[in-house]
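Chemist: Fold the following and give me the result.
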Amino acid sequence: MKYIFVTGGVVSSLGKGLAAAALGTLLERRGLRVLMQKFDPYLNVDPGTMNPFQHGEVYVLSDGAETDLDLGHYERFTSCRLTRNNNLTSGQVYATVLAKERRGDYLGNTVQVIPHITDEIKARIKTASLEPVDVIITEIGGTTGDIEGLPFLEAIRQFQLGAGMRNVVIMHVTLVPFIKAAGELKTKPTQQSVAKLREIGLQPHVLVCRTEHPLEYEVRQKLSLYCNVPVQAVVEARDVDHTIYEAPLMLQGEKLDETICTLLDLDLPPADMSGWRRFVQKVINPKKRVRVAIVGKYVELQDAYKSIYESLTHAGAANDCGIDLMKVDAEEIEDSPTSAERLLGGVVGILVPGGFGDRGIEGKIIAAKFARENKIPYLGLCLGMQVASIEFARNACGLAGANSTEFDPDTPHPVIALLQEQSNVTELGASMRLGCWPALIKPGTISHSLYGREEIVERHRHRYEFNMAYRQQMEDRGFVISGTSLDGELVEIIELRGHPWFVACQFHPEFQSKPNQPHPLFKGFIAACLAHEAD
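Modeler: Numbers count the residues shown, from 1 in each chain. Below you'll find the predicted structure:
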């Protein structure tokens, strides 16, 4: 087994996750079986309760684990199918160790960071080692020198000692800033970061240098000399020109995968990136373009809807189409009766994503109404399905005050409600429906034509469900339930009869889309947008 640990220095947000994922892409295409994992130093047990403005999206795995958004990069860039074992936080580590102490597992010994915390971290690496893979790539969150990350770096130091030097590579992602007044790149921040890492006991084998300007050979030599890294292992990582999917190609050009294979004594053929290169070319040079609006409440932050944006990119490439994305704040649509026309009038598709809380809800309902009445292709995801159901109940069925009990506990028409509030459904309680759930697709529907089969499995993250007490009343007015749970009790997908393309789902399809395998709902949505523009 070979191990690659990815650390970061100087500043945060350098793209460690993307660098790790891109390396995973290259190694897979050299024929290796790759597994990826993320260690996060924060004390939250998981990011499930963290504000998207602080942390970005919560990425849900197939087993229901709520994880860091970097795991989305891992699954999109590689063939990995990850589980809760692939994301570890300080909160999980300390909770586990303290639970063991309370049970008496340590036989009265004093519980300390070393060895108890570090042993728990190493145990997670060893658990991953039981998988049938060749290489494990582990990203360490945070920045070298952060107090929270020290136990993880110490654990890696210990682990490397036991695994053997030729079986472990430390890849350090760092910043080489350009000082405009001096007209030159500065290596001192990287030198300081590596010095801090070496002080902890880790010597990086590879430097991945984020820079806005080319790393000239003299700069590489200086980094090599002062950081004790071979010059060929000083890798330039400039910002890509068009799409993050250029990153593996850029790093291949820098021979990163070749350097890693040399360090790990791996004799492998070059990575075949021809299919990946074709995908990137479709993203960069599309034949057509469409204008699509995403109506949400976290649109100011790029990472809040990261998987959705990437899924649209995948679907666009599959349709040889570029996407001009309009990010519309749902609260702005509520400002005046003409806001919807002003903000959405020029688009050929409307997407409403998931979310929690009542802020911006009425704006999302207005967006769903605008799409329905103007025959604009609509894709609703999770909450996007619920607001579409509320809008239809209010305005197509005449159910005044229809709402979700999440937003109005006293609504006269709880079209969306917790399961225990619905008399015709067995109580599940208020806990979320998380992870993969199977569903049945109704033949003859748009959804069936997109999936091409009657049974699917999709990832969920929600508490509230469509209230089946309103099913018949809404179906009589053109509401189509095209997907349900296997027992028929839970609604998974809805459509509208008489609308060219109006599809909304209770699950999160964005978590299963990949560059050369776009999700059927996103692919169909962009195809519908193209058809609408042609009309």
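
Chemist: For the stretch 251-400 of the chain, just list every one of the helices.
Modeler: With helices called from DSSP state H, counting those that start in this stretch, the stretch 251-400 of the chain shows them at 256-263, 274-284, 306-318, 330-333, 339-344, 361-373, 383-395.

Chemist: how about those in CSV, adding mean pLDDT?
Modeler: As requested, these are exported to CSV (pLDDT from 0 to 100):
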stretch, mean pLDDT
helix 256-263, 97
helix 274-284, 96
helix 306-318, 97
helix 330-333, 93
helix 339-344, 93
helix 361-373, 96
helix 383-395, 97
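
Chemist: Residue 78 is nearest to which of the ones you listed?
Modeler: helix 274-284 (11.5 Å; CB to CB). Glycine gets a C-beta too; all of them are placed from N, C-alpha and C.

Chemist: Can you tell me what sits against that closest one?
Modeler: Here helix 274-284 makes contact (CB atoms under 8 Å, 6 or more residues apart in numbering) with 25, 29, 241-243, 245-246, 248-249, 313, 316-317, 320, 322, 515-516.

Chemist: What is the burial count for residue 525?
Modeler: 26 (other CB atoms under 10 Å).

Chemist: Tell me where the chain is predicted with low confidence.
Modeler: By pLDDT under 70, the weakly predicted segments of the chain are 53, 420-430.

Chemist: ok, now which residue in it is the farthest from the centroid?
Modeler: What lies farthest from the middle of the chain is residue 108; by CA atoms, centre = their mean that is 42.1 Å.

Chemist: so how far is residue 116 from that residue?
Modeler: Remark: distance between residue 108 and residue 116 (CB to CB, to the nearest Å) = 13 Å.

Chemist: ok, now residue 248?
Modeler: As defined by CB to CB, residue 248 lies at a distance of 38 Å from residue 116.

Chemist: Among those two, which residue is more densely surrounded?
Modeler: The neighbour count for residue 248 versus residue 116, taken as other CB under 10 Å, is higher for residue 248 (27 against 21).

Chemist: Would you check that the more buried one makes contact with residue 18?
Modeler: No - in this structure, residue 248 is not within contact of residue 18 by CB atoms under 8 Å, at 9.6 Å.

Chemist: returning to that earlier point: does the residue farthest from the centre of the chain count as helix, strand or coil?
Modeler: Of the three states, residue 108 takes coil under DSSP: H, G, I helix; E, B strand; the rest coil.

Chemist: Next: residue 435.
Modeler: Recorded secondary structure, residue 435: strand (three-state DSSP).

Chemist: in the helix or strand harbouring residue 521, what's buried?
Modeler: Element membership for residue 521, per DSSP states H and E: helix 520-534. By neighbour count with 16 or more other CB atoms under 10 Å, helix 520-534 contains the buried residues 520-530, 532-533.

Chemist: could those residues go into TSV alongside distance to residue 86?
Modeler: As requested, the buried residues of helix 520-534 are exported to TSV (distance: CB to CB, whole Å):
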residue	distance to residue 86
520	26
521	26
522	24
523	27
524	30
525	30
526	30
527	33
528	35
529	35
530	37
532	40
533	40
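
Chemist: picking that back up, how about the contacts of helix 274-284, which pair is most distant?
Modeler: Spatial extent of the contacts of helix 274-284 (CB to CB) is set by the pair 29 and 322 at 25.8 Å.

Chemist: The two: who's more crowded?
Modeler: residue 29 (22 against 18).

Chemist: so where do the helices sit in the stretch 1-150 of the chain?
Modeler: Under DSSP H, counting those that start in this stretch, the stretch 1-150 of the chain gives helices at 16-28, 52-55, 70-77, 90-103, 118-129, 150-163.

Chemist: looking at these, which is closest to residue 39?
Modeler: helix 150-163 (5.2 Å).

Chemist: Name every sheet partner of the next helix or strand after that closest one and say whether each one runs parallel or antiparallel.
Modeler: Counting by DSSP H and E, the element after helix 150-163 in chain order, helix or strand, is strand 168-175. Sheet pairing here is set by DSSP bridges, and for strand 168-175 it gives strand 2-8 (parallel), strand 206-211 (parallel).

Chemist: Contacts for the first one, please.
Modeler: The contact list for strand 2-8, computed with CB under 8 Å, 6+ apart, reads 14, 16, 19-20, 23, 125, 134-140, 142-144, 153, 156, 159-160, 163, 167-174, 197, 202, 204, 260, 264, 266.

Chemist: which among those residues end up buried?
Modeler: Buried, going by 16+ other CB under 10 Å: 14, 16, 19-20, 23, 125, 134-140, 142-144, 153, 156, 159-160, 163, 168-174, 197, 202, 204, 260, 264, 266, out of the contacts of strand 2-8.

Chemist: re the thing from before, of the helices of the stretch 1-150 of the chain, which is nearest residue 37?
Modeler: So among these, helix 118-129 is nearest, using CB to CB, at 5.7 Å.

Chemist: Which positions within that closest one qualify as buried?
Modeler: Those would be 118, 120-122, 124-125, 128, for helix 118-129 by 16+ other CB under 10 Å.

Chemist: which other helices and strands contact that helix?
Modeler: strand 34-40, helix 90-103, strand 135-140, helix 150-163 (3 or more CB pairs under 8 Å, 6 or more residues apart in numbering; DSSP states H and E).
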